[in-house]
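>>> just coords:
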């Protein structure tokens, strides 16, 4: 399996490309701000053809380039229905204070073809099989994508639900602390320790490492800052 990842935009959101191998179809996860050029570079380098765009949630730092990427390659975008409205109206998920930090207005357009993710389902794309876990809390439509590797392990694309050493913030519209803690307890913590976590911001980790060292998962996290937009 080929996995290419890189941070993009002012908030350094992680964008990922996945494919069974080089010279194959691929899936693009979370094409945020300024993602078009590095995506095109990775497509050329690995001779990949996009089949779809997957979004872990609707915040603009993860979806900003989705419409342009989808239009350029004629592919659909997949997003949970609870977050779909953010594709055309990103400010509704930020609130006035956060929106003001970005000049008071963020203009985006919904991609031409939007398909809605069903929570807790399996999605077959580009020769890959993704398990979709609905993990509300950071936003109402936050999801994580899980995929097994040929070596027998698994990858978790956790978006802004789980980070190395932290979790997603819940103080923006649609955020809910109780919900994100429930999502972590019911959907994330039961995963095997060797599951590799590829988050929406920051470095990779593993479920085993986070189970032991993440203050939000091991108790006493209230005094630690959350992350994400």
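The structure has been received and is ready for your questions. Predicted, not measured: the structure shown is a model, and the values here were computed from it. Numbers count the residues shown, from 1 in each chain.
>>> distance from stretch 68-75 to the middle of the chain?
18 Å (Cα atoms, centre = their mean, to the nearest Å).
>>> please point out which parts of that stretch sit buried.
For stretch 68-75, a neighbour-count test (16 or more other Cβ atoms under 10 Å) marks 68, 69, 70, 73, 75 as buried. For every residue, glycine as well, the C-beta is placed using N, CA and C.
>>> report pLDDT for residue 104.
Per-residue pLDDT puts residue 104 at 56.
>>> for residue 107, same thing?
Note for residue 107: predicted pLDDT of 73.
>>> residue 88 versus that one, what's the distance?
Counting by Cβ to Cβ, to the nearest Å, the gap from residue 107 to residue 88 is 10 Å.
>>> phi and psi next, for the nearest residue to residue 211 once chain neighbours are set aside.
Ranked by Cβ to Cβ, 6 or more residues apart in numbering and with sequence neighbours excluded, the top spatial neighbour of residue 211 is residue 217, at 5.7 Å. Backbone torsions for residue 217, taken as degrees, to the nearest 10, come to phi -100, psi -20.
>>> tell me, how many residues neighbour residue 217?
Residue 217 is flanked by 20 other residues according to other Cβ atoms under 10 Å.
>>> so what's it up against?
By Cβ atoms under 8 Å, 6 or more residues apart in numbering, the contact list for residue 217 reads 167, 184, 189, 210, 211.
>>> so how far is residue 144 from it?
In terms of Cβ to Cβ, residue 217 sits 15 Å off from residue 144.
>>> pLDDT of stretch 3-12, averaged?
Average pLDDT, stretch 3-12: 95.
>>> just the buried residues of it, please?
By neighbour count on 16+ other Cβ under 10 Å, the buried set for stretch 3-12 is 3, 4, 7, 8, 9, 11.
>>> report the contact partners of the last one.
What that stands for is residue 11. By Cβ under 8 Å, 6+ apart, the neighbours of residue 11 are 32, 33, 61, 201, 229.
>>> for residue 115, state which of the residues you listed is nearest.
Of all those, residue 115 sits closest to residue 32, with 19.4 Å by Cβ to Cβ.
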